[in-house]
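1. here are the coordinates; sequence isn't available:
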């Protein structure tokens, strides 16, 4: 059996309000559709990317870099999805 893959990607928060409740909900909703685990790092903190409460504690403002790490069988697809959300400004406009 092949070990699960681990992938990392970085994305910059582009929406004006930063990582508040709505974007956190969007990230968690997207992540829960995948089997792989998701960790998110910002400013020396690391949290579970499938927990809205943990994501909200990051306090990532516009312009903040978020590092995503996914591990599991669909890790790459998970990162494509969540990084796409961040780069699109969570469809809130910049």
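-> Noted; the coordinates are in hand. Just so it is clear, the structure is predicted and the values come from calculations on it, not from any experiment.

2. Would you map the strands across this structure?
-> Taking DSSP state E as the criterion, the chain carries its strands at 5-12, 37-42, 45-48, 65-72.

3. among these, which is the most enclosed?
-> Comparing the strands of the chain by mean neighbour count (mean count of other CB atoms under 10 Å), strand 37-42 ranks first with a mean of 20. For the C-beta atoms, the positions are set from N, CA and C on the backbone; glycine is no exception.

4. Could I get the average pLDDT for that one?
-> For strand 37-42, mean pLDDT rounds to 98.

5. Other residues contacting it?
-> With contact meaning CB atoms under 8 Å, 6 or more residues apart in numbering, strand 37-42 is reached by 27, 31, 46-50, 55, 58-60, 64-72, 78, 82.

6. and residue 87, which of the strands of the chain is closest to it?
-> strand 5-12 (5.5 Å; CB to CB).

7. Skipping adjacent residues, who's closest to residue 14 in space?
-> residue 89 (4.5 Å; CB to CB, 6 or more residues apart in numbering).

8. Any idea how many residues pack against the one you found?
-> Residues lying near residue 89 (other CB atoms under 10 Å) number 16.

9. Just to check, it is in contact with residue 17?
-> No - using CB atoms under 8 Å, residue 89 is not in contact with residue 17; the gap is 9.6 Å.

10. the longest helix in this protein is where?
-> Secondary structure of the chain per DSSP state H: the longest helix is helix 75-87.

11. circling back to that earlier point, wait, which of the strands of the chain is closest to residue 23?
-> strand 65-72 (10.4 Å).
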